[in-house]
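S.K.: Just a sequence and a predicted model for now, questions to come.
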Amino acid sequence: MRPPARRRKPFPVASLLMLLGVLACPAAGAANLVIRLQAMDGKVVPGAVITARPIDATARKAAAVHAVMDQVDRAFVPDVLVVPVGSTVTFPNSDSISHQIYSFSSAKRFQLPLYRGTPYPPVLFDQPGVVTLGCNIHDEMLAYLVVTDAPYFGRTDSAGSWSADLGPGRYRISIWHPRLHSDGADLERELTVGSDDRAEITVRLAKPLAPAPVNRPHSWDY
């Protein structure tokens, strides 16, 4: 059995972020928050996971969902999946060859022995954290399942942007990407939202991302 990537280690946020914009916050009301993520060289960074948590108020938790992560052409589809705590995920194998899925991540340890089709019931993810997924048969297969307890979450699009409608207040914004150094540690920043208009910030990484795997493209490449 092959071990997955090493456990993530925390590292200083101050050395990683530069805010290139500010949030407008003149009045009460919902704001459409837009976050744009850039690499150190200014290129946009797609596929990053962004979460937003209220600091001063108890937010309603996102409802659990049932999601699917398939296996097609010796790859996980999607290769990054973000779900709320308490969600279940089914791992069908649509390939004509067998796969054996596993995770040694502390957020969820499990294994689905060699199979094709959909012989196993959905897997419950009841703890927040990043779950690294691999296949015991095919080393090139790699995926991440991000389980979050934040009420607002999503991934940056092909333009490196993510947006959400937030109520007024202070929020802790976390950014995670598979190619961040120190095994993908989160970036965190506190922001104040108080505008009923559009609020935009640009976040530029102060260190380069780790090199992309050469075996196959992923949704987090740029």
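M.R.: Received the coordinates, thanks. Numbering: from 1, shown residues only.
S.K.: how's this protein carved up into domains?
M.R.: 17-58+151-205, 66-148 (automatic domain parsing).
S.K.: Please state the offset of the longest one from the chain centre?
M.R.: Taking CA atoms, centre = their mean, to the nearest Å, the mean C-alpha location of domain 17-58+151-205 is offset from the chain mean by 13 Å.
S.K.: Would you list the phi and psi of the residue nearest to A62 when sequence neighbours are not counted?
M.R.: Excluding the flanking residues, the one nearest A62 by CB to CB, 6 or more residues apart in numbering is P84, at 3.9 Å. Where you see a C-beta, it was placed from the backbone N, CA and C, and this is true even at glycine. Torsion angles at P84 (phi, psi; degrees, to the nearest 10) stand at phi -70, psi 160.
S.K.: Could you list which residues are in contact with P84?
M.R.: Counting by CB atoms under 8 Å, 6 or more residues apart in numbering, P84 touches 61-65, 147-149, 153.
S.K.: Kindly reformat the domains of the chain as TSV containing distance to W220.
M.R.: Shown next, in TSV, are those (distance: least, CB to CB, whole Å):
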stretch	distance to W220
domain 17-58+151-205	3
domain 66-148	6
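S.K.: what number of residues lie near I97?
M.R.: By other CB atoms under 10 Å, 10 other residues sit near I97.
S.K.: What residues does it make contact with?
M.R.: I97 touches 74, 116, counting by CB under 8 Å, 6+ apart.
S.K.: give me the element it is part of.
M.R.: Secondary structure from DSSP states H and E places I97 outside every helix and strand.
S.K.: Relative to D79, how far out is it?
M.R.: According to CB to CB, to the nearest Å, I97 stands 18 Å off from D79.
S.K.: what does R60 give?
M.R.: 29 Å.
S.K.: More neighbours: which of the two?
M.R.: D79 (20 against 7).
S.K.: For the more buried one, which non-adjacent residue is spatially closest?
M.R.: Nearest one to D79, counting by CB to CB, 6+ apart, is A143 at 4.6 Å.
S.K.: Which strands or helices does the strand or helix carrying that neighbour pack on?
M.R.: Per DSSP H and E: A143 is located in strand 142-148. In this structure, strand 142-148 makes packing contacts with strand 49-54, strand 80-84, strand 129-135, judged by 3 or more CB pairs under 8 Å, 6 or more residues apart in numbering; DSSP states H and E.
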